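>>> what follows is a predicted structure for the sequence shown.
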Amino acid sequence: MIENLKAAQTIVNRLLKCGSDINELVFFVRENCTEEEFDCFRSSMGKIMAEIYFEGLAPLYKSHPELIPDSDDSQTS
């Protein structure tokens with residue numbers, strides 16, 4: 001996909017930001033819209049977030065495993 005590590009890091013960071021922004025929007029809709037609107041919006045955003053991961057992040061992580069975020073940040077040795 002993207003061979004340049006620096007470019008891949010920038011892309012990963014921006015895609016992760018997109019996911020974070022979408023997540024914030026889902027919380028906004030939950031607080032400001034009807035339950036029906038929220039359910040529909042959440043479902044749509046879930047599909048978008050899945051595409052971001054499977055079509056954007058996963059291929060980058062496969063090419064550059066060092067870019068995979070550490071999922072054990074909260075645990076110490």
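Here it is on my side, so go on.
>>> give the buried residues for stretch 34-44.
By 16 or more other Cβ atoms under 10 Å, the buried positions in stretch 34-44 come out as 38, 41. Every C-beta, even on glycine, is put in place using the N, C-alpha and C of the backbone.
>>> and it, C-alpha only, in CSV?
Provided in CSV are the C-alpha atoms of stretch 34-44 (Å, rounded to 0.1, in the frame of the first residue of the first chain):
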residue,chain,number,x,y,z
THR,A,34,-34.2,11.0,18.9
GLU,A,35,-33.5,7.4,19.7
GLU,A,36,-34.5,6.4,16.2
GLU,A,37,-32.1,9.0,14.7
PHE,A,38,-29.4,7.9,17.0
ASP,A,39,-29.8,4.2,16.1
CYS,A,40,-29.7,5.0,12.4
PHE,A,41,-26.7,7.3,12.7
ARG,A,42,-24.8,5.0,14.9
SER,A,43,-25.3,2.1,12.5
SER,A,44,-24.2,4.2,9.5
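>>> that stretch - what's its average pLDDT?
The pLDDT scores in stretch 34-44 average 98.
>>> just list the residues touching the residue nearest the centre of the chain, thanks.
Compute the mean C-alpha point of the chain, and by Cα atoms, centre = their mean the closest residue is Gly19, 3.4 Å away. When contacts are counted by Cβ atoms under 8 Å, 6 or more residues apart in numbering, Gly19 touches 49, 52-53.
>>> just the pLDDT for Ala50.
For Ala50, pLDDT reads 98.
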